[in-house]
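> Here is my input; please provide its structure:
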Amino acid sequence: ACAFLVFVLFRMRRTGQPISVCGIVTRPVLGGLLLLGIIWWGAAYAVNHFRRDGAWTPLQAQGMEMNLPAPMGTAPVELATVESGSMQSTVRYTGQAVGFVEQEVAARVTGVILWMPFYAGDHVKRGQLLARLDTSQSAPLVASQRGQVGVAQAGSGVARKDYQQALALVNEAHAEVGMKQGAIEAAQADVSAADQERQSADSSLEAVQSMTSDAEAQLQAAQADQQYWRDEIDREASLLKAGAVTREEYQREKAQAQNSDAKVRQAEARIVQTQAQIRAAQSGVRKADSGIAAAKAKLTQAKSDLEAHHAHVLSAEAAADSARQKIAQAEAGVRQARGVLAGTTVAQGYSEIRSQVDGVVTQRVISPGVLVNPGQTLLKMAQISPIRLQANVPETDLHQMIVGSLVLVDSQNVSAHPVHARIDSVSPSIDPTARTGVVETIIPNKDSRFLPGQYMTLDISTGREEQSLHVPTAALRYHTQPSGSALSGQSTPTVWVADPIPGQENRYTVHEATVRTGLTDANSTQILSGLTAGQRVVAAGQDYLKDGDTVNGSMEQATSKALLQKGVRQSTLPSKTETHTASSPGAAATSSQFTCVMHPEIVYDHPGKCPKCGMALVPRQKGGEK
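So this is what the prediction gives:
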């Protein structure tokens, strides 16, 4: 500005322009300068008085720009010891808490919300009443359906009575059929008896007829004998007249003739008797025939009656089947009416909406007094005890995720300790867009530490080595190897090794060494080659170093307690991490006072960490320089 002002005055003098102070010092010029001064003062005041704690000033931000060269003097570094021991490889992913059961509480019936006093964050129990809808429209419908159920039940009762009557008629018809079957059996028995009587009469007639033949034969023999003796008497009478025979012989012959006459009369009487017996037997036959005819007529009538009663039975059974069908229809009507009543009652019961899980309300969608329709969401709830913690793992690492592997969960709450858990499930599919799979762990979450939607870090174990060298992961630096005209995708890991200077306590020289790495986690990395146990490496501040720089030990060891207050696990801390200063040529000597590179206005009499930003305190230079 001064050079520009001198140049302007010089040009004005050379060109002959008059130089007038009064022309320069005018009201607009002075007003503009005053306005610029006010703006500068206001900006400086705002930066110094209205910055939040820990915020950088523009100069500090420029000073921490990594593209700028390291300042001359001292810079803070941290040394760590290469240790040997067991190491667990972990990968860290950002996860999200998801409710174990997430539920959208929706209305099932149409109605106006009368009562719903729940808001986001309210805890509810399973079965607790969440909302109540207006049921004035469904109450008359319920009463009507109950009346329909009564009518259907009455119809069912009438159908049952008709069925009982039909069954009585069927039983009566079956009884009559039984009686007619008995009559048929009796008629069949009468027919059988008449047949037997006819057979007996036939037998008697045949016997009498055979006796008649005998009697006729005897009569013929007696008549022949009578004729013989008549002729013999005539001959004897002539002989008696002639005196050829005696009267005694004549009388004897005459007695024989009379005897033959008696035999003839006896044979004739027997024939008359047999004829009477024949007539009697024929009468018995006719009587047996009439009995058979009567028994057969009775049997035919009984069969006709039986067929009629069978028809009556079929009619009664058809009536019973019809009554049974009416009962089934009536009962179906009762069930239908009851189903409609149950549906109406259930729909009326849907006016009271209850929670299905123990959880917390995450969102209140609708307020009381609003008319809602079936399926419309009223509240959103989530069960948070237990709770699901999910992380989207790239498919390149998904094969390392094994169910049962250890998981360390840490949230943004620095005052809470990490939670130990195990992998409960690994997604069997990959998102085709993000190329990730979901890895899930379930924790009890009884203290409600994790809430749905909350982010956290999940350190997932992928392996373990019992004896290995390891250094803090922050101590590693990666350099890309050149490969001709194109950049190589391979990088070589290196560390800055601090070698003690012989004869000088707490003084080291640093040089960069190439190493080969193995397992790694969020804080430590396994060293397969390039280092030995007990060596010192630079864990922080490597950006200010070059080969041959000297490191002066001027601070105390960082305690695990101080780091644990920031949420760092004890098992991942270096056991001997120290804060040092790296000196470049021309660096000033250190004093017993300490300060923070971010807040140099605060001076401490002891080493440690800045309470505002958490950075390690560095020695304060003489003269107040840092």
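> So residue 505: helix, strand or coil?
coil (DSSP: H, G, I helix; E, B strand; the rest coil).
> Report the mean per-residue pLDDT for stretch 317-331.
Averaged across stretch 317-331, the pLDDT comes to 81.
> no no, stretch 156-170
Stretch 156-170 comes out at a mean pLDDT of 82.
> Using PDB, list the CA coordinates for it.
Provided in PDB are the C-alpha atoms of stretch 156-170 (Å, rounded to 0.1, in the frame of the first residue of the first chain):
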ATOM      1  CA  SER A 156     -83.600 -74.100  13.700                       C
ATOM      2  CA  GLY A 157     -85.900 -75.100  16.600                       C
ATOM      3  CA  VAL A 158     -88.900 -75.400  14.300                       C
ATOM      4  CA  ALA A 159     -86.900 -77.500  11.900                       C
ATOM      5  CA  ARG A 160     -85.800 -79.800  14.700                       C
ATOM      6  CA  LYS A 161     -89.400 -80.300  15.900                       C
ATOM      7  CA  ASP A 162     -90.500 -81.100  12.300                       C
ATOM      8  CA  TYR A 163     -87.600 -83.600  12.200                       C
ATOM      9  CA  GLN A 164     -88.800 -85.200  15.400                       C
ATOM     10  CA  GLN A 165     -92.300 -85.600  14.000                       C
ATOM     11  CA  ALA A 166     -90.900 -87.000  10.800                       C
ATOM     12  CA  LEU A 167     -88.800 -89.500  12.800                       C
ATOM     13  CA  ALA A 168     -92.000 -90.500  14.800                       C
ATOM     14  CA  LEU A 169     -93.800 -91.200  11.500                       C
ATOM     15  CA  VAL A 170     -90.900 -93.200  10.200                       C
END
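> Next, the buried residues of it.
Neighbour counts over stretch 156-170 (16 or more other C-beta atoms under 10 Å) mark 156, 159-160, 162-163, 166-167, 169-170 as buried. The way it works is simple: take the backbone N, C-alpha and C, and place the C-beta from them, glycine included.
> Can you give the distance from it to the centre of its chain?
Distance of stretch 156-170 from its chain centroid, counting by C-alpha atoms, centre = their mean, to the nearest Å, is 49 Å.
> Closest to residue 105 out of the buried residues of stretch 156-170?
residue 156 (40.3 Å; C-beta to C-beta).
> Output stretch 218-225 as PDB, nothing but the C-alphas.
Output of stretch 218-225 as PDB, limited to C-alpha atoms (Å, rounded to 0.1, in the frame of the first residue of the first chain):
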ATOM      1  CA  GLN A 218    -114.100-158.300  -3.500                       C
ATOM      2  CA  LEU A 219    -117.600-157.600  -4.800                       C
ATOM      3  CA  GLN A 220    -116.800-159.000  -8.100                       C
ATOM      4  CA  ALA A 221    -115.300-162.100  -6.500                       C
ATOM      5  CA  ALA A 222    -118.300-162.400  -4.200                       C
ATOM      6  CA  GLN A 223    -120.700-162.000  -7.100                       C
ATOM      7  CA  ALA A 224    -118.800-164.600  -9.000                       C
ATOM      8  CA  ASP A 225    -118.900-166.900  -6.000                       C
END
